[in-house]
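**Student:** Quick one: sequence plus predicted model below, questions after.
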Amino acid sequence: MDFTGKTAVVTGGSRGIGRAVCLELARSGANVALCYAGNETAARETVQTVEALGTKALAIRCDVSNPGQVNGLIDAVVHGFQRIDILVNNAGITRDNLLVRMSEADFDAVMNANLKGTFLCMKAASRLMLKQRYGRIINLSSVVGLRGNAGQVNYAASKAGVIGMTKSLAKELAGRGITVNAVAPGFIDTDMTGALPEAARAAALAAIPMARLGTVEEVARAVAFLASDGAAYITGQVLAVDGGMAV
Ligand code: NAP
């Protein structure tokens, strides 16, 4: 894979899967702009690690659910790098609870960050990609968006929604040199899953045919493939990276 001269925007690129995606793309030559919600230390550390790989990096604080901040993010990337070739919509949160105990605020927070955030970033970046007549959009869904999960009505709805948006936008942009795909990770070892109670982790592990958690690098490599020239004829697809969970 060769991303030399290409610019990637990775939302939620400061930690976890997003950070691994930044590094994977940079290793193949991409300049990387990442956004983060509030953890400036992690963002700065990711920028330094990308720069050590020999490409340019930029970190911008941006809440992806805020339209003004998303437009500011895209403007800043264009100002810094002139183009956007790859957009990875990775920023995401969980606010788990059983439906009867789930607050409306927790439902809205997850839908806003995961679903509306993806919508806003795709809208802002695709304007530029249409002018370039080139682009790769990769959205992070989840095995939970494919299969559902008790205690995650909000999260499952947001991640199933991401799949619907991916397929719809793929059809809108297919004739313009822009592909839109989703990656659906299973249970990956990050801060997000680290916060789960031990019983929930054990139950999730029992549901993985490969009997282990996935690594952030394993997800990042799938994202990089979908961003590469080798995936030029693939659009509207959902690639599960889940050790067989969704089979
Ligand atoms: P994580 O370790 O919790 O990291 C989340 C990242 O998103 C951080 O960089 C965070 O920024 C950023 N973020 C959160 N809300 C944001 C917002 N409103 N605006 C901008 N940035 C925001 O998460 P992860 O486990 O790597 O997950 C990454 C993606 O993969 C998510 O979409 C998640 O749903 C999906 N996924 C994860 C798993 C898994 O097992 N981990 C499985 C399936 C799907 P700060 O550092 O500033 O907080």
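**Tutor:** Yes, it's here.
**Student:** use CA for all of it now, contacts and neighbours both
**Tutor:** OK.
**Student:** Longest strand in the chain, please.
**Tutor:** Longest strand in the chain, counting residues (DSSP state E): strand 178-185.
**Student:** Kindly format the C-alpha coordinates of it as CSV.
**Tutor:** Provided in CSV are the C-alpha atoms of strand 178-185 (Å, rounded to 0.1, in the frame of the first residue of the first chain):
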residue,chain,number,x,y,z
ILE,A,178,-15.3,8.0,-4.2
THR,A,179,-15.8,4.8,-2.3
VAL,A,180,-17.7,4.5,1.0
ASN,A,181,-17.3,1.4,3.1
ALA,A,182,-17.6,0.3,6.7
VAL,A,183,-15.5,-1.8,9.1
ALA,A,184,-17.4,-3.6,11.8
PRO,A,185,-15.0,-4.6,14.6
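**Student:** Who does that strand pair with, and is each partner parallel or antiparallel?
**Tutor:** strand 135-140 (parallel), strand 238-241 (parallel) (DSSP bridges).
**Student:** Where does the prediction get shaky in the protein?
**Tutor:** Nowhere does the chain drop to pLDDT under 70.
**Student:** Residue numbers of this structure in contact with the ligand?
**Tutor:** 11-18, 35-39, 62-65, 90-93, 113, 140-142, 185-193 (C-alpha under 6 Å from any ligand atom).
**Student:** what residues does the longest strand of the chain touch?
**Tutor:** Strand 178-185 is contacted by residues 129-130, 133-143, 145, 162-163, 166-167, 169-170, 173, 219, 222-223, 226, 232, 234-242 when judged by C-alpha atoms under 8 Å, 6 or more residues apart in numbering.
**Student:** residue nearest the centroid of the chain?
**Tutor:** In the chain, the residue lying closest to the centroid (C-alpha atoms, centre = their mean) is Asn90, at 1.8 Å.
**Student:** Go ahead and confirm that one touches Met122.
**Tutor:** No: assessed by C-alpha atoms under 8 Å, Asn90 is found out of contact with Met122, at 11.7 Å.
**Student:** any idea how far the residue of the chain most remote from its centre is from Leu196?
**Tutor:** For the chain, the residue at maximal distance from the C-alpha centroid (C-alpha atoms, centre = their mean) is Val100, at 29.0 Å. According to C-alpha to C-alpha, to the nearest Å, Val100 and Leu196 sit 20 Å apart.
**Student:** same thing with Ala33?
**Tutor:** Counting by C-alpha to C-alpha, the gap from Ala33 to Leu196 is 29 Å.
**Student:** between those two, who's got more neighbours?
**Tutor:** Here Ala33 and Leu196 are set side by side on neighbour count (other C-alpha atoms under 10 Å), and the busier one is Ala33, at 27 against 12.
**Student:** In three-state terms, label the more buried one for me.
**Tutor:** strand (DSSP: H, G, I helix; E, B strand; the rest coil).
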